[in-house]
Each structure stands twice: as C-alpha cells, then as structure tokens.
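**Student:** below are the sequence and a predicted model for it; my questions follow.
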Amino acid sequence: MKIKQIMTLKALLILSITIGLSSCSKSSSTKGASRATGWKINDKNGGFQHNSKFTKQETPPGMVPIEGGTFTMGKVQDDVMHDWNNTPSQQHIQSFYMDETEVTNLMYTEYLFWLKTVFPPTEENYKNIYTGAIPDTLVWRNRLGYNETMTNNYLRHPAYAEYPVVGVNWIQAVEFSKWRTDRVNENMLEKNGYLKKDSKVKLGSEVTAESTFSTETYLASPTKTYGGNEDIVLKREMNGGRKEVADTAKNVYAQINSGLILPEYRLPTEAEWEYAASALVGNREFNIYKGQKKYPWNGQYTRSGKRQQRGDQLANFKQGRGDYGGVAGWSDDGADITNKVKSYPANDFGLYDMAGNVAEWVADVYRPMVDDEANDFNYYRGNVYMKNKIGEDGVVEVVTAENVKYDTLSNGKILARNFPGQIAQVPVDDNETYLRQNFSTSDNRDYRDGDKPSTRFFNFGSDDEEEDKTKRMYESPRHSIAVDSATGKLEKKYDQSDKRTTLVNNEVRVYKGGSWRDRAYWLDPASRRYFPQDMATDYIGFRNAMSKVGPKSNKKTPRGNPKF
C-alpha cells in the first residue's frame with residue numbers, strides 16, 4: 001500500500017513539474033510578444049513595429065553574392081615593375097554583393113535619361129546637372145590615330161549598349177552609385193505598397209525636380225519625400241510579406257527595421273575588389289591561399305586549357321606592341337577595343353571581366369604602401385564622415401533647386417554633388433569625435449599615410465603654417481581654378497613649380513585590373529595604379545558593390561557548428 005502511494009505521489013510530482021515547465025515554456029515564448037518586456041510586437045493598435053518575417057537580404061539587381069573570408073592582399077611574386085606598392089598583407093573581407101559585370105553604356109545612359117528628364121538642362125537652376133554627368137567622349141581621340149567612330153558612337157549607339165562605359169571619372173561613378181541606390185529602393189518600396197504604384201515613372205509630369213525620391217530623405221523624414229505628397233508616400237502594416245501588398249495606407253512608413261530598404265550602391269574598396277577578382281573560393285591549394293594566384297582564373301596562362309576551348313583567350317588585353325587582339329580567326333581574343341560584357345568566362349564567384357576589357361575605379365585614395373599595422377578587417381583608405389544637416393528648427397534640411405552644390409573640377413568641368421530632394425550633408429564635428437578612440441576627424445584620407453606629419457618627430461608646433469604644409473611627403477602640384485565674378489569665365493592657374501615631387505594627393509584614386517590597352521602583367525588582381533579622381537580615360541570603367549547585412553552566408557547553420 002505504501003509502495004502504491006509513493007508511486008502515485010511520484011507520478012503526481014512528475015506531472016506537476018511537466019505542467020509547470022510547459023506553462024513556463026508557453027509564457028516565455030508567447031507568439032508575437034517581446035522576450036524583453038512581454039509586450040506585444042506589431043500590435044495593430046500601435047506600439048513597437050518589427051519585421052518578424054524577414055529572412056535574408058534580397059540580392060540587388062545585377063549583383064552576385066561574394067562570401068567574405070581571408071586572403072593575401074598584394075603581390076608575392078613577379079613584381080617586375082618594382083613598384084613595391086603592393087606588399088603582401090593578410091586581410092579579412094566581410095561578405096558583400098558585387099556587380100557581375102562592369103556598368104554598361106546602357107545602364108549609364110538610363111541614368112543620363114533620368115537626369116535630363118527630371119532636371120532639364122534648359123532651366124538655369126539645373127543646367128549643369130545633366131552636362132556634368134555626361135562621360136568624356138573625347139578620351140578616344142589620339143593625335144596620331146583615327147578614333148572618331150568611338151568618339152561619336154561608343155556611348156549611345158545600340159551596337160555598344162552592352163559594352164562597359166568609359167570616359168567616366170571617379171566622381172561621376174560615385175554620383176551614379178548614389179542615383180542607383182535611390183532608384184532601386186524606390187522600386188522596392190513601390191512593390192511592397194509603401195509608394196503609390198507607377199509614381200516613379202511619371203517623370204517630367206506630376207513628379208517635379210524637387211519632389212523626387214531620395215533614400216536618405218525617406219528614412220530621415222518620410223513626409224518630405226516627393227515634396228511631401230501624401231498621395232504617393234503611403235503607410236501600411238509592417239508584416240514583411242511580399243505577397244500581401246497593401247493598396248491602402250496603414251500604420252507605419254518603411255524604415256530600416258522593415259528590412260526592405262537596401263544598403264547603398266557604392267564603389268568597391270580596393271581590398272574587396274582584389275578579393276572578388278582572386279576568387280579563392282574555387283581553389284583549395286595552399287599556395288593559392290597564400291596569394292600566388294596570378295589571374296582571376298586558375299592557371300598561369302591567359303589561354304584556356306580546357307579541351308573544348310583550348311587556346312581561347314580568357315580576357316581582352318593587349319598582346320604586344322601593335323597587337324590588341326591577335327591574328328584574326330580562332331586565335332583572336334574577339335576584340336580590338338573593349339568588348340561586350342560576358343564575352344569571356346566568369347571567375348569562381350560568377351564575376352565577369354575582372355581581368356581585361358576595362359580597368360575599374362575603386363573607392364580608395366591611393367598611397368604607395370599599405371601599412372603593416374593597418375586595419376586588417378575591411379581595409380579601406382578614404383573615409384570622410386558626414387552627417388545630415390539639421391536646420392534651426394531641428395528638422396533635416398532638404399536640398400532645393402536654389403542650393404544645389406556644384407564642384408568645379410581642375411579641368412573646368414562642373415559637377416553637381418547633390419540633387420533637389422536629397423538631404424544636405426555636412427562633415428561630422430566635435431559632437432561625434434569628442435573622447436573617441438576610433439576616429440578624431442571627419443576627413444581620414446591621409447591618416448598615418450607615411451607623409452611627414454605621420455612621423456614621430458614632425459614639428460606640429462611650427463609658427464609658420466605654410467612651412468608645415470611644405471614638409472609633406474606628398475608634395476603634389478596645386479593647380480587652381482576659379483570663376484571670374486565679373487565675366488563668368490574660368491580663371492585657370494597651372495602650377496609650374498619645379499619643387500613638386502609627386503602626383504599623389506587626397507584626390508587621386510586607385511584603379512584595379514588590366515584593360516584592353518594593357519599587357520598581361522596588369523591582369524593580376526594584385527596590381528594597382530592611380531589616376532586623378534576628376535579625370536577620365538578610354539580604358540577605366542567601374543562596377544558597383546553593396547555591403548551584406550546579417551550573417552556571413554545564408555546557410556542555416558554556420559560551418560562547424562553542431563545542429564541541435
């Protein structure tokens with residue numbers, strides 16, 4: 001009897017514990033409630049909103065994912081030029097997205113069409129926006145060569161639509177990237193019911209220059225987007241579901257926590273570009289991992305060794321003096337100038353033309369060395385930190401037609417650096433830098449770059465400010481250009497000083513990869529050169545990158561982690 005009672009008591013005890021655990025489990029995992037407060041999230045009556053259905057970042061149009069990792073950046077062999085500006089260093093790159101091809105003439109002329117339609121060059125306030133974005137087609141001209149066909153046709157003729165755009169300087173490439181960010185996010189929000197359907201295509205009619213879409217304006221002040229037109233900028237319930245597009249306004253605007261707005265399109269950093277071009281993901285040989293991969297493809301030769309394509313050139317480059325493609329026929333690389341994108345095999349990341357066709361701008365300011373003590377995670381030189389300009393009323397200041405900012409480049413070309421409808425930007429100040437360990441100024445382009453002020457014994461306390469400036473290692477020419485207020489003509493002053501020792505300054509940028517004008521040596525992803533950011537050539541193009549938010553890869557569990 002006692003045994004039965006004891007067993008009964010044990011059974012009741014186990015049952016009560018089980019019920020208690022299940023109730024605790026149930027209370028701690030109440031559907032839709034916060035684990036921090038227990039409050040309901042995404043309540044239709046108001047409260048905190050969160051996209052609980054978000055799974056992963058959507059692959060941006062035209063891009064492929066690049067899984068991050070470590071690699072040896074720089075050359076470890078064959079430095080026949082003896083530049084010593086690409087000393088090997090171990091770097092780690094965070095995952096990102098990258099255009100599978102260079103930006104083409106078709107893509108860039110779409111940008112020009114949008115600018116010309118929204119900001120008519122016939123209007124005084126906008127006359128320099130469109131013209132400042134046009135590529136320099138005169139880069140094709142040569143004193144002793146006939147290239148007028150490319151000068152007149154290369155940018156706009158449909159025969160060259162899928163060829164990489166050239167004649168674009170670094171600044172123009174950056175402005176294209178900003179424009180692309182806004183157009184892609186505008187389309188994304190429209191598809192998800194946050195913008196009125198077809199509002200983005202009514203260029204030149206209902207949508208005026210000052211009522212266009214800007215991603216930063218929408219995030220900071222949605223009511224100022226499209227000039228404050230509430231008929232276009234809608235609210236809806238944040239459910240994260242692409243299938244449930246709302247036709248009527250509901251609840252909230254889309255914000256960062258909606259998961260719909262993509263990070264900005266931008267130029268890749270030098271480290272990202274070299275990592276993506278090397279494509280070590282497809283090769284596990286130890287010597288390849290240590291930086292001895294000579295080309296974006298496997299092997300030490302520029303011709304294919306595969307049976308069906310044996311002898312075919314794997315890139316578009318200059319074979320030798322007076323030889324830009326080889327003998328006509330099967331031995332030819334298929335191009336004399338640039339070539340149509342995707343004409344050659346992709347590397348193991350799925351990227352085309354990471355060697356040959358055109359060299360490509362990257363984001364970095366050029367310096368002839370990468371310091372051994374430099375940051376080894378997402379290395380980049382060129383940070384200039386900005387913030388939104390806040391007016392006296394505490395509200396962000398949106399650019400209007402009257403306060404568009406223009407830059408006059410060293411060659412006299414006038415470029416717009418912001419558009420109406422965007423938020424005005426200013427450098428960060430002491431409010432952001434005070435007592436910080438990680439950065440102390442807005443402009444970090446020349447931080448610890450090896451010039452005189454970077455040295456231990458530099459005299460920062462000199463009374464002669466001009467004397468301090470002349471002690472810089474990078475003593476580049478100082479040309480000046482200004483507009484005569486009386487005549488409106490440009491006054492150009494060319495620096496003819498014989499004391500200048502270099503062309504390197506904070507306005508020269510790195511470009512990577514070989515081009516149709518280059519020998520095979522420059523096809524090595526580790527090769528690097530520089531060019532002024534406000535000048536263009538017939539052999540430098542660009543492609544965009546975008547940072548990846550969230551996990552390194554979209555695999556359900558990290559490699560090496562046990563599944564529970």
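**Tutor:** Received it, and whenever you're ready, just let me know what you need.
**Student:** make it CA atoms for all contacts and neighbour counts henceforth
**Tutor:** Fine.
**Student:** by contact count, what packs against the longest strand seen in the chain?
**Tutor:** Secondary structure of the chain per DSSP state E: the longest strand is strand 359-365. Counting contacts by 3 or more CA pairs under 8 Å, 6 or more residues apart in numbering; DSSP states H and E, strand 359-365 packs against helix 270-278, strand 508-512, strand 540-541.
**Student:** what mean pLDDT does it get?
**Tutor:** On average, the pLDDT along strand 359-365 is 97.
**Student:** quick one, it and strand 508-512 angle?
**Tutor:** Strand 359-365 and strand 508-512 are oriented at 140 degrees to each other (axes from the mean of the first three to the mean of the last three CA atoms, to 10 degrees).
**Student:** and the next helix or strand after strand 359-365, how far out from the chain's middle?
**Tutor:** Sequence-wise, the next helix or strand downstream of strand 359-365 (DSSP states H and E) is strand 386-388. How far strand 386-388 lies from its chain's middle: 18 Å, per CA atoms, centre = their mean, to the nearest Å.
**Student:** picking that back up, will you turn the helices and strands packed on strand 359-365 into CSV that also has distance to residue 107 and mean neighbour count?
**Tutor:** Rendered in CSV, the data for the helices and strands packed on strand 359-365 read as follows (distance: least, CA to CA, whole Å; neighbours: other CA atoms under 10 Å):
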stretch, distance to residue 107, mean neighbour count
helix 270-278, 20, 27
strand 508-512, 21, 24
strand 540-541, 12, 26
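**Student:** would you convert these into CSV that also reports distance to residue 144?
**Tutor:** Output for these, formatted as CSV (distance: least, CA to CA, whole Å):
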stretch, distance to residue 144
helix 270-278, 34
strand 508-512, 26
strand 540-541, 21
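**Student:** so what's the backbone phi/psi at the residue nearest the centre of the chain?
**Tutor:** Closest to where the C-alpha atoms of the chain average out (CA atoms, centre = their mean) is residue 266, at 1.7 Å. Here is the backbone geometry of residue 266 (degrees, to the nearest 10): phi -160, psi 170.
**Student:** mind checking how far it is from residue 130?
**Tutor:** Residue 266 sits at a distance of 20 Å from residue 130 (criterion: CA to CA, to the nearest Å).
**Student:** what do you get for residue 368?
**Tutor:** Taken as CA to CA, the spacing of residue 368 relative to residue 130 amounts to 35 Å.
**Student:** more neighbours, these two?
**Tutor:** More crowded of residue 368 and residue 130, by other CA atoms under 10 Å: residue 130, with 21 against 16.
**Student:** ok, the more buried one - contacts?
**Tutor:** Going by CA atoms under 8 Å, 6 or more residues apart in numbering, residue 130 touches 112, 115-116, 119-121.
**Student:** in the host helix or strand of it, which residues are buried?
**Tutor:** Using DSSP H and E, residue 130 sits within helix 127-133. For helix 127-133, the neighbour count (16 or more other CA atoms under 10 Å) marks 128-133 as buried.
**Student:** please give the element, helix or strand, for residue 407.
**Tutor:** strand 406-408.
**Student:** for the stretch 451-564 of the chain, what spans make up the helices?
**Tutor:** In the stretch 451-564 of the chain, the segments counted as helices under DSSP state H, counting those that start in this stretch are 465-469.
**Student:** where does the prediction get shaky in the stretch 251-400 of the chain?
**Tutor:** Residue ranges of the stretch 251-400 of the chain with pLDDT under 70: 251, 282-292, 304-305, 307-311, 330-331, 370-373.
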